[in-house]
Structure formats: structure tokens, C-alpha cells
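A.B. asks: With the input below, show me the fold.
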Amino acid sequence: MLTSLALASHVGGHGFGFGWIFFFLIPLFWIGIVVLIVSLARRRAVRGGWGPRFAGHPGWGNPARAAETTLAERFAQGDIDEKEYRARLEVLRANQPGGPQAN
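C.D. replies: Numbers count the residues shown, from 1 in each chain. Sure, this is the predicted structure:
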């Protein structure tokens with residue numbers, strides 16, 4: 001079996017057929033794969049695709065800020081009037097940690 005493999009590798013003359021092309025194509029293939037992965041990772045990182053879900057929301061990580069944002073959105077949409085908005089905003093700010101009653 002080893003004899004047939006040695007003979008098959010020598011059949012094309014000195015063994016310099018089109019095999020030399022793979023010497024260049026295989027590294028180029030892997031370089032292309034690495035460049036593709038890096039470019040996709042950079043694109044996703046720039047767009048904010050990684051990290052916590054809904055990380056772009058204004059109140060992420062701060063529930064009091066999220067509640068104020070929701071309240072402001074409801075006021076802007078006309079779901080509540082100004083009097084109710086100010087009353088609820090006052091309640092939110094009074095009950096948040098580090099607010100006026102925390103002293």
C-alpha cells in the first residue's frame with residue numbers, strides 16, 4: 001500500500017502538478033474566514049447587538065428612570081393629563097431610593 005501511494009505521488013513527473021496552488025489557497029481561505037469573523041463581530045459590536053437585551057432602552061438598569069420614561073411617554077401620547085402626570089411623577093420621585101425620605 002505504501003508503495004502504491006509513493007508511486008501515485010510520483011506519477012506526475014517530479015510531483016509539481018497543480019498541488020502548489022493549494023499551498024497558497026489554503027492560507028488565503030483561513031485568512032478570509034478570520035477577516036469575515038472579525039468584521040462581523042465589529043459590525044455587531046458597533047450596532048450594539050451584544051450585551052443585555054434592550055440595552056438601548058433609556059431606563060435599563062435604573063427602574064426609577066424606566067418608570068419616569070414610561071410615564072413621560074404616556075403623557076406625550078395623551079393617555080394621562082398634566083395634573084395626573086405631575087402627581088404620579090411626584091410619587092415616583094418620592095419613593096425612589098436616595099429620594100427625599102431617605103435622609
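A.B. asks: hey, where'd the strands end up in this structure?
C.D. replies: Using DSSP state E, no strands are found in the chain.
A.B. asks: low-confidence ranges in it?
C.D. replies: 1-17, 48-61, 97-103 (pLDDT under 70).
A.B. asks: Helices along the chain, start to end?
C.D. replies: Assigned helices in the chain, in chain order: 2-10, 20-46, 63-77, 82-95 (criterion: DSSP state H).
A.B. asks: Packed most tightly, which of these would that be?
C.D. replies: helix 63-77 (a mean of 14; mean count of other Cβ atoms under 10 Å). The C-beta positions use only the backbone N, C-alpha and C, and glycine is treated the same way.
A.B. asks: Can I get it as PDB, trimmed to CA atoms?
C.D. replies: C-alpha atoms of helix 63-77 as PDB (Å, rounded to 0.1, in the frame of the first residue of the first chain):
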ATOM      1  CA  PRO A  63     -36.000  51.100  37.400                       C
ATOM      2  CA  ALA A  64     -36.900  54.600  38.600                       C
ATOM      3  CA  ARG A  65     -35.600  56.100  35.300                       C
ATOM      4  CA  ALA A  66     -37.600  53.500  33.300                       C
ATOM      5  CA  ALA A  67     -40.800  54.400  35.200                       C
ATOM      6  CA  GLU A  68     -40.300  58.100  34.600                       C
ATOM      7  CA  THR A  69     -39.700  57.400  30.900                       C
ATOM      8  CA  THR A  70     -42.800  55.300  30.600                       C
ATOM      9  CA  LEU A  71     -44.800  58.000  32.400                       C
ATOM     10  CA  ALA A  72     -43.500  60.600  30.100                       C
ATOM     11  CA  GLU A  73     -44.400  58.500  27.100                       C
ATOM     12  CA  ARG A  74     -48.000  58.100  28.400                       C
ATOM     13  CA  PHE A  75     -48.300  61.800  28.900                       C
ATOM     14  CA  ALA A  76     -46.900  62.500  25.400                       C
ATOM     15  CA  GLN A  77     -49.400  60.100  23.900                       C
END
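A.B. asks: Done for today, thanks.
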